[in-house]
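K.L.:
this is the structure alone, sequence omitted:
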């Protein structure tokens, strides 16, 4: 889940209107510079020094995670850093399932949780470019249950930026709809999303930020409606197959993973007698019985690296255009800047948290995190499945930044 910092109005750290404007100008210039340089760069292994980075500092970043595993702060991790299209770090440490004696591997498949959201936002952006949706469409235009006095003012851009005013605290309303003669395929994404429209927002749409999973599940239903395809089918055909993301899926059941279920890592939430206990293992029932959009993506570090490089490239990878640069710039422009977030140093765009330096990022509640730094032509990620462990991701990011010896 992205981290947004809130401080009171009287706090001296509160950004003035001038400094906010300066930050946004810098953001725009950084993004423009990043996409101008990196046009259709494809990933391949490389030496850190070949792209102006320190091998020693990157090695120190790996050591951080090995030490965390040795201290039992984490079960395992995969880390990856790439600059100017060269993968300068890709290492696995620790365990995929310690109790079973399975070591973490570079090809381990992770439950991505909210790292799904940038992919969903990308799909929405594609449908906007195709004219099937608009960022300014009222949701009621596409989902009838939103056509009422409370939900009728929610726009797609509000869902993308978590400013819809929805305050539903669970992924979906419980219990799920039961199968019936009228709905023999219940529960499913679209039927469950239709229930949100009758609940409606607590705050006027566009006036208040609150991270909201039902809003992104609503986006998933909109993707299905606008594309005429099930969500996973659209994502596979529109994004994964063109980019060669062969290990990306959306439901952790064997029949949906092309025989790759055993490559998934166990998810560890709690310790018992000092040892991490796997709360979910490959073969256990999925968290939600259908494909959703707030989370649910399953992927590898290399697959997600291709997705991030596509973003760093300005929407193209391997000759496949996914999004136009102008659409992407809009999506990584802070959309919460007009919302009452005094002193916030990180804002939300469409599917990404965005800071004042133009770095955009996202995390997932099962232990994944990824960031893109256009100004330095770089992205990085740390994937774990120990979400409640002590993850030195902030120190790792500092080391990666310090490793840059050669500025553009």
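P.N.:
Nice, I can see it. Since the structure is predicted, the reported quantities are computational estimates derived from the model, not experimental observations.

K.L.:
switch to C-alpha atoms for all contacts and neighbour counts from now on
P.N.:
Will do.

K.L.:
any weak-confidence spans in the protein?
P.N.:
Low-confidence segments of the chain (pLDDT under 70): 1-38, 337-343, 407-408.

K.L.:
dihedrals phi and psi, the spatially most central residue of it?
P.N.:
The residue lying closest to the centre of the chain (Cα atoms, centre = their mean) is residue 115, at 2.6 Å. With angles defined as degrees, to the nearest 10, residue 115 sits at phi -70, psi 0.

K.L.:
would you agree it is in contact with residue 366?
P.N.:
No - contact criterion Cα atoms under 8 Å: residue 115 and residue 366 do not qualify, at 9.5 Å.

K.L.:
related to what we said a few turns ago, quick one, what contacts the residue lying closest to the residue nearest to the centre of the chain once chain neighbours are set aside?
P.N.:
Leaving aside its sequence neighbours, residue 115 sits nearest to residue 364 (Cα to Cα, 6 or more residues apart in numbering; 5.0 Å). Contacts for residue 364 were tallied using Cα atoms under 8 Å, 6 or more residues apart in numbering; they are 1, 112, 113, 114, 115, 116.

K.L.:
switch to 7 Å and redo it
P.N.:
1, 112, 113, 114, 115 (Cα atoms under 7 Å, 6 or more residues apart in numbering).

K.L.:
got JSON lines for the residues you listed, with distance to residue 198 too?
P.N.:
Below are those laid out as JSON lines (distance: Cα to Cα, whole Å):
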{"residue": "1", "distance to residue 198": "26"}
{"residue": "112", "distance to residue 198": "30"}
{"residue": "113", "distance to residue 198": "26"}
{"residue": "114", "distance to residue 198": "25"}
{"residue": "115", "distance to residue 198": "28"}
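
K.L.:
so how far is residue 296 from the residue nearest to residue 115?
P.N.:
According to Cα to Cα, to the nearest Å, residue 364 stands 10 Å off from residue 296.

K.L.:
identify the contacts common to these two.
P.N.:
112, 113.

K.L.:
which strands or helices does the helix or strand harbouring residue 223 pack on?
P.N.:
Using DSSP states H and E, residue 223 sits in helix 213-227. Judged by 3 or more Cα pairs under 7 Å, 6 or more residues apart in numbering; DSSP states H and E, helix 213-227 is in contact with helix 156-160, helix 189-199, helix 231-235.

K.L.:
out of the ones you listed, which is closest to residue 106?
P.N.:
helix 231-235 (23.6 Å; Cα to Cα).

K.L.:
gap between the residue nearest to residue 373 when sequence neighbours are not counted and residue 183?
P.N.:
Excluding the flanking residues, the one nearest residue 373 by Cα to Cα, 6+ apart is residue 359, at 4.7 Å. Plainly put, residue 359 is 44 Å away from residue 183 if you go by Cα to Cα.

K.L.:
give me the more crowded residue out of the two.
P.N.:
residue 359 (22 against 12; other Cα atoms under 10 Å).

K.L.:
that one reaches residue 375, doesn't it?
P.N.:
No - taking Cα atoms under 7 Å as the definition, residue 359 is not a contact partner of residue 375, at 8.0 Å.
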